[in-house]
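Peer 1: Fold the stuff below for me.
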Amino acid sequence: MPPVESTFLAEMLAGPVQLFVTRGARVFTRADAVRVTGVVLAGIRATHSA
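Peer 2: Numbers count the residues shown, from 1 in each chain. Purely as a prediction, here's the structure:
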């Protein structure tokens, strides 16, 4: 598999953050950032190990 482009990775991380901010339902916390990052990185790892 080819390496993941940095712009794609940034978009995958920024998308959920933007959703939290624009919906304004609650404050985006550090815990949220850790969860989002973990999910995105797990997806990338799973894709590259397949």
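Peer 1: quick one: Arg26 from Thr47, how far?
Peer 2: Distance, Arg26 to Thr47, by Cβ to Cβ, to the nearest Å: 30 Å. Every C-beta, even on glycine, is put in place using the N, C-alpha and C of the backbone.
Peer 1: does Val17 sit in a helix or strand, and which one?
Peer 2: Using DSSP states H and E, Val17 falls within helix 6-23.
Peer 1: Mind checking what helix or strand follows that helix in sequence?
Peer 2: Using DSSP H and E, the next helix or strand after helix 6-23 towards the C-terminus is helix 30-49.
Peer 1: same for that next one, what does it pack against?
Peer 2: Based on contacts counted as 3 or more Cβ pairs under 8 Å, 6 or more residues apart in numbering; DSSP states H and E, the elements that helix 30-49 packs against are helix 6-23.
Peer 1: buried set for the helix it packs on?
Peer 2: Along helix 6-23, these residues count as buried under the neighbour rule (16 or more other Cβ atoms under 10 Å): Met12, Leu13, Pro16, Phe20.
Peer 1: The second one contacts Gly38, correct?
Peer 2: By that I understand Leu13. No. Taking Cβ atoms under 8 Å as the definition, Leu13 is not a contact partner of Gly38, at 10.9 Å.
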